[in-house]
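Q: predicted model follows, preceded by the sequence.
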Amino acid sequence: MKFFVDTADTAAIRELNDAGLINGVTTNPSLIAKSGRDFKEVIKEICDITPDPVSAEVASLEYDGMIAEGEHLAKIAKNVVIKLPLTLNGLKATKYFHDKGIATNVTLCFSANQALLAAKAGATYISPFIGRLDDINLDGMELIENIRTIYDNYQFDTQILAASIRSANHVTQAALVGADVATIPPDVIKKLASHPLTDKGIEGFLKDWAGTGQSIL
Ligand code: E4P
């Protein structure tokens, strides 16, 4: 499973990219607003950090507006992925960009039927939002599982990008049910590396090593 980082914080992206922990980046209008920076400047900076896919979301809800904004964003760098909302206009724009060979990420997916439509429109990625479904007492992971089954039944090559991930457990579950990618906040990616028994083990080994009086170098 690939890991994308879900943030517009370029320092965090650089750190995780340097550590070899990520295979791409997703942003959304809320994350851009949180950064307090110019949208296109942030996307350009991210694309300078990594050649991997970088999702940049359109703001228009009209088909013509989506096309104009998407084409503008696609010119920033070759690895920009146009993020489009799962609406009829968004699906139509997905087909347009698919036909032009421009990658798309269809976002705000909350049902298997929406995912089926996105695949039929030629989406590169579909983003089902796990956390937001869990928030309203539905089962986000069950949606990922259903989409996996449907895409496999019909050999759709749209990649399932598990989004709205809130915990390390979400990452494990998404991997178990076969999501192709998980887009994860930076703090959750870092948490994946920690385990209390690892910390305890290091402490014990270092104590015993100190007792030997040896040094490696
Ligand atoms: C995905 O592309 C979205 O940016 C993101 O995962 C949304 O997560 P949230 O529900 O925590 O805002």
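A: Great, that's in hand. Residues are numbered from 1 along each chain as shown.

Q: alpha carbons only for contacts and neighbour counts from here, please
A: Fine.

Q: write out the residues of this protein neighbouring the ligand.
A: Asp6, Thr26, Thr27, Asn28, Gly131, Arg132, Ala163, Ser164 (CA under 6 Å from any ligand atom).

Q: could you point out the longest helix in the chain?
A: Longest helix in the chain, counting residues (DSSP state H): helix 196-212.

Q: what about the residues of the chain next to the ligand, which are in strands?
A: If you go by DSSP state E, the residues of the chain next to the ligand have Asp6, Thr26 in strands.

Q: closest to Cys109 out of the residues of the chain next to the ligand?
A: Nearest to Cys109 among the residues of the chain next to the ligand is Ala163, at 9.3 Å by CA to CA.

Q: that older thread, what's the average pLDDT for the longest helix of the chain?
A: The average of the pLDDT scores along helix 196-212 is 98.

Q: same question for stretch 14-21.
A: 98.

Q: put the alpha carbons of it into PDB.
A: Presented in PDB, the C-alpha positions along stretch 14-21 are these (Å, rounded to 0.1, in the frame of the first residue of the first chain):
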ATOM      1  CA  ARG A  14       9.800  17.600   3.300                       C
ATOM      2  CA  GLU A  15      10.600  15.700   6.500                       C
ATOM      3  CA  LEU A  16       8.500  12.700   5.600                       C
ATOM      4  CA  ASN A  17       9.800  12.700   2.000                       C
ATOM      5  CA  ASP A  18      13.400  12.800   3.100                       C
ATOM      6  CA  ALA A  19      12.700   9.900   5.400                       C
ATOM      7  CA  GLY A  20      11.400   7.900   2.400                       C
ATOM      8  CA  LEU A  21       8.000   7.400   4.100                       C
END
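
Q: run the chain-centre distance for it.
A: Distance, stretch centre to chain centre, for stretch 14-21: 15 Å (CA atoms, centre = their mean, to the nearest Å).

Q: what pLDDT is listed against the closest residue to the ligand within the chain?
A: At 3.4 Å from the ligand, Ser164 is the closest residue in the chain, using CA to the nearest ligand atom. pLDDT recorded at Ser164 is 98.

Q: list the contacts of it.
A: Taking CA atoms under 8 Å, 6 or more residues apart in numbering as the contact definition, Ser164 lies against Pro128, Phe129, Ile130, Gly131, Arg132, Thr183, Ile184.
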